[in-house]
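Student: structure of the sequence below:
(one chain, ligands or ions: 1)
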Amino acid sequence: MEQNQTVTVLQAQEYHAAPLVCHVFVLVLCLSSAEDFDWTKNDHGSFYYGTFPAGFSWGAGSSAYQTEGAWDKDGKGLSIWDVFSHKKGKIQQNDTGDSSCEGYHKIKDDVGLMKELKLNHYRFSISWPRLIPTGIKSDHINEKGIQYYNELIDHLLENKITPIVTLYHWDLPQFLQERYGGWQNISMVNHFNEFANLCFERFGNRIKYWMTFNNPWSVAVEGYETGEHAPGLRLRGTGAYKAAHHIIKAHAKVWHTYDTQWRAKQKGLVGISLSGHWGEPVDISNQKDIEAAERYVQFYLGWFATPIFHGDYPQEKSYIKGTCDFLGVGHFTTRYITQKNHPSARSSSSYFTDRDLAELVDPRWPDPGSEWLYSVPWGFRRLLNFVKSQYGNPMIYVTENGVSEKIQCTELCDDWRIQYFKDYTNEMLKAIKDGVNVKGYTAWSLLDKFEWDEGYSERFGLYYVDFRNKNKPRYPKASVQFYKRIISSNGFPNQREVENWRRKAVETCSTSNQLLAADPLTSHMEMVTEIVVPTVCTLSILLSAVFLMFLLRRRN
Ligand code: BGC
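Tutor: Numbers count the residues shown, from 1 in each chain. Below you'll find the model as predicted:
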């Protein structure tokens, strides 16, 4: 680590959760016993030319609420995100996911884009209220929703793209929130299990990779503690912990259901997708900073992974331990961490004060899009090695990794995204050389889409979506060309070729840029057709009627 870097303080938080001290101790031992990876070295700058293991799976991802649109079509029930986004002031510009990318109506188009990229897999999520409108299976099953996912799955398979399915990417049926308090209530465990069981029953003959939850950290902390996400509750100090507790139980239950009822017949795998930033101690010679950085990672990923992999959890140890056939890892960024006591922790306890640390960033880190997203590729290798040493080298699928740009930029020549993907996938390759068992990588995301409380103001897509146009046309950004080359070479053959890819990618995007530049005209013309044509028709009818009356009067 660079010891004399300039850093900016982002947040100072407090920590007073005694039980976590033992996690920290375990982590210190594991980190120092890692065989292959030297935690004290920082060869940040070097690039590794080489290829990924044969059969490595390359993909791209999406989630139901972020892309499907059709929020009230064909019998779908309301989700907490439908209701939350319709409340004024919750989302940037009061955007909603009502129509989003219209993915519900564009299966063929989008699978076409995946083919263009030559993807091996596509990660998407199933909307619970689209299949079960109230969330309670005995109430009603919506066959039209089943039909939509059947078509998507079949179309992917026909095109030799492996579907990887997430069962819960944040869109809880609103009815369950209203009646029971959502993830604050233990009854979610059974309702979620019934929904998952329905998915195994209807889709399990074709789906071999299941993930129970996507980023439960966000569900718990942003949904029930800070209230930035649906359902928007601010239950400081208790909300996140309760939600996480029920989510862990629900995950374990669904894994057991698959294991006992479906595994023998369907031969699939059930995992969970956990997200986490990497936390690097500001001063690696300071024990307090080292412990604070460890706490940071434990409060993100370890919170869920430790009970699931080690069963280090009260009461249900053996039921929860070992309930993961593979681990999904979502990762975007890194922070420097230092120890910082929060003076008033006892009076205002919260998830954040419990951590007792401050997050810092290096102002030299590139931050092209989202406020929180700095490009720090070396943190990715560290996080992957952490997972290897902490959880017994599990099979890993990277489920989310990517970078955004701000909406003001309608630029398809996304050089910075090329750089991000190039450097992050290269660090993943180094991690594989370190012995980390990574089997696949999912670029986040296939399309620009609804970015939760940020609405459409941040774009993560490989494909640009023109949200102003009712048809939501997609345009390839330069990163499509670059990612496609990584996929077809299964890595980075040599410096000359990789530089060539980059040059070519940036060249071709100027043509797409021209197409996009012409688009406002097209969408404007559509608007003209929608407003002017009916108005002209109505006027013509009225005028004809007046003229007819005038003629009749004259005849009389
Ligand atoms: C979420 C995605 C989201 C991304 C960027 C992830 O944690 O799972 O749905 O698009 O963050 O905000």
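
Student: what is the mean pLDDT for stretch 49-63?
Tutor: The average pLDDT within stretch 49-63 is 98.

Student: could you do stretch 134-146 as well?
Tutor: Averaged over stretch 134-146, pLDDT sits at 98.

Student: which single residue of this protein ends up nearest the ligand?
Tutor: Asn215 (4.3 Å; Cβ to the nearest ligand atom). Quick note: C-beta positions are derived from backbone N, CA and C, even for glycine.

Student: how about the spatially closest residue to that residue that is not a sequence neighbour, what does it touch?
Tutor: Nearest residue to Asn215, sequence neighbours excluded (Cβ to Cβ, 6 or more residues apart in numbering): Ser275, at 4.1 Å. The contact partners of Ser275, taken as Cβ atoms under 8 Å, 6 or more residues apart in numbering, are Asn214, Asn215, Trp217, Ser218, Tyr300, Leu301, Val329, Gly330, His331, Phe332, Glu400.

Student: off-centre distance for the helix or strand encompassing the fourth one?
Tutor: Under the assignment given by DSSP states H and E, the secondary-structure element containing Ser218 is helix 216-224. Between the centre of helix 216-224 and the centre of its host chain there is 13 Å, according to Cα atoms, centre = their mean, to the nearest Å.

Student: what helices or strands is it leaning on?
Tutor: Using 3 or more Cβ pairs under 8 Å, 6 or more residues apart in numbering; DSSP states H and E, the elements in contact with helix 216-224 are helix 239-257, strand 269-275, helix 303-310.

Student: out of these, which is closest to Tyr65?
Tutor: Nearest to Tyr65 among these is strand 269-275 (15.5 Å), distances taken as Cβ to Cβ.

Student: pairing partners for the closest one, with directions?
Tutor: Pairing partners of strand 269-275, with direction, according to DSSP bridges: strand 209-214 (parallel), strand 327-330 (parallel).

Student: in CSV: these, plus mean pLDDT.
Tutor: Shown next, in CSV, are the strands paired with strand 269-275 (pLDDT from 0 to 100):
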stretch, mean pLDDT
strand 209-214, 98
strand 327-330, 98
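
Student: list phi and psi for Ile487.
Tutor: Ile487 has phi and psi values of phi -60, psi -50 when expressed as degrees, to the nearest 10.

Student: leaving out chain neighbours, which residue sits closest to it?
Tutor: Leaving out its chain neighbours, Ile487 is closest to Trp58 (Cβ to Cβ, 6+ apart), at 4.4 Å.

Student: contact partners of the strand or helix carrying that neighbour?
Tutor: Element membership of Trp58, judged by DSSP H and E, is strand 57-61. If you take Cβ under 8 Å, 6+ apart as the criterion, strand 57-61 is touched by 114, 117-124, 162, 164, 397, 399-400, 439-446, 462, 483, 486-487, 490.

Student: count of neighbours near the nearest residue to Ala443 once chain neighbours are set aside?
Tutor: Spatial nearest neighbour of Ala443, excluding adjacent residues (Cβ to Cβ, 6+ apart): Ala60 at 4.7 Å. By other Cβ atoms under 10 Å, the residues close to Ala60 number 28.

Student: ok, now Asp38?
Tutor: 11.

Student: mind checking the SS state of it?
Tutor: Recorded secondary structure, Asp38: coil (DSSP: H, G, I helix; E, B strand; the rest coil).

Student: roughly how far apart are it and Gly135?
Tutor: Going from Asp38 to Gly135 by Cβ to Cβ, to the nearest Å gives 49 Å.

Student: go on, Ser488?
Tutor: For Ser488 relative to Gly135 (Cβ to Cβ), the value is 43 Å.

Student: now stretch 187-198 - C-alpha only, PDB.
Tutor: C-alpha atoms of stretch 187-198 as PDB (Å, rounded to 0.1, in the frame of the first residue of the first chain):
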ATOM      1  CA  SER A 187     -43.200 -15.300   8.200                       C
ATOM      2  CA  MET A 188     -41.200 -14.200   5.100                       C
ATOM      3  CA  VAL A 189     -39.100 -17.300   5.500                       C
ATOM      4  CA  ASN A 190     -42.000 -19.600   4.600                       C
ATOM      5  CA  HIS A 191     -43.500 -17.400   1.900                       C
ATOM      6  CA  PHE A 192     -40.200 -17.000   0.200                       C
ATOM      7  CA  ASN A 193     -39.600 -20.800   0.400                       C
ATOM      8  CA  GLU A 194     -43.000 -21.400  -1.300                       C
ATOM      9  CA  PHE A 195     -42.100 -19.000  -4.100                       C
ATOM     10  CA  ALA A 196     -38.700 -20.600  -4.600                       C
ATOM     11  CA  ASN A 197     -40.300 -24.000  -4.600                       C
ATOM     12  CA  LEU A 198     -42.700 -22.900  -7.300                       C
END
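
Student: and it, how far from the chain's centre?
Tutor: 22 Å.

Student: check stretch 109-120 too.
Tutor: Per Cα atoms, centre = their mean, the displacement of stretch 109-120 from the mean C-alpha position of its chain is 19 Å.

Student: buried set for it?
Tutor: Asp110, Val111, Leu113, Met114, Leu117, Leu119, Asn120 (16 or more other Cβ atoms under 10 Å).

Student: what is the burial count for Pro366?
Tutor: 14.

Student: enumerate every residue touching it.
Tutor: Residues in contact with Pro366, defined by Cβ under 8 Å, 6+ apart, are Tyr374, Ser375, Trp416, Gln419.

Student: pLDDT score for the first one?
Tutor: Okay, so that is Tyr374. In this model, Tyr374 carries a pLDDT of 97.

Student: for the nearest residue to it once chain neighbours are set aside, helix, strand, or coil?
Tutor: Spatial nearest neighbour of Tyr374, chain neighbours left out: Trp365 (3.8 Å); criterion: Cβ to Cβ, 6+ apart. Following three-state DSSP, Trp365 is assigned to coil.

Student: what confidence value was assigned to Trp365?
Tutor: On the pLDDT scale, Trp365 is placed at 95.

Student: angles on the backbone of it, please.
Tutor: Dihedral angles (degrees, to the nearest 10) for Trp365: phi -70, psi 130.

Student: sorry, back to before: surely the residue of the chain closest to the ligand is in contact with Ile272?
Tutor: No: taking contacts as Cβ atoms under 8 Å, Asn215 lies outside contact range of Ile272: 9.6 Å.

Student: tell me which of the two has more neighbours.
Tutor: Higher neighbour count among Asn215 and Ile272: Ile272, with 30 against 25, using other Cβ under 10 Å.

Student: hmm, Leu327 and that one touching each other?
Tutor: Yes: counting by Cβ under 8 Å, Ile272 does reach Leu327; the two are 7.0 Å apart.

Student: please enumerate the shared neighbours of those two.
Tutor: With Cβ under 8 Å, 6+ apart, Ile272 and Leu327 have no common neighbours.

Student: the residue nearest to Glu225 when sequence neighbours are not counted: what's it in contact with?
Tutor: Using Cβ to Cβ, 6+ apart and skipping the chain neighbours, the partner closest in space to Glu225 is Ala240 (3.9 Å). Shown in contact with Ala240 (Cβ under 8 Å, 6+ apart): Ala220, Val221, Tyr224, Glu225, Tyr351.

Student: alright, calling it a day.
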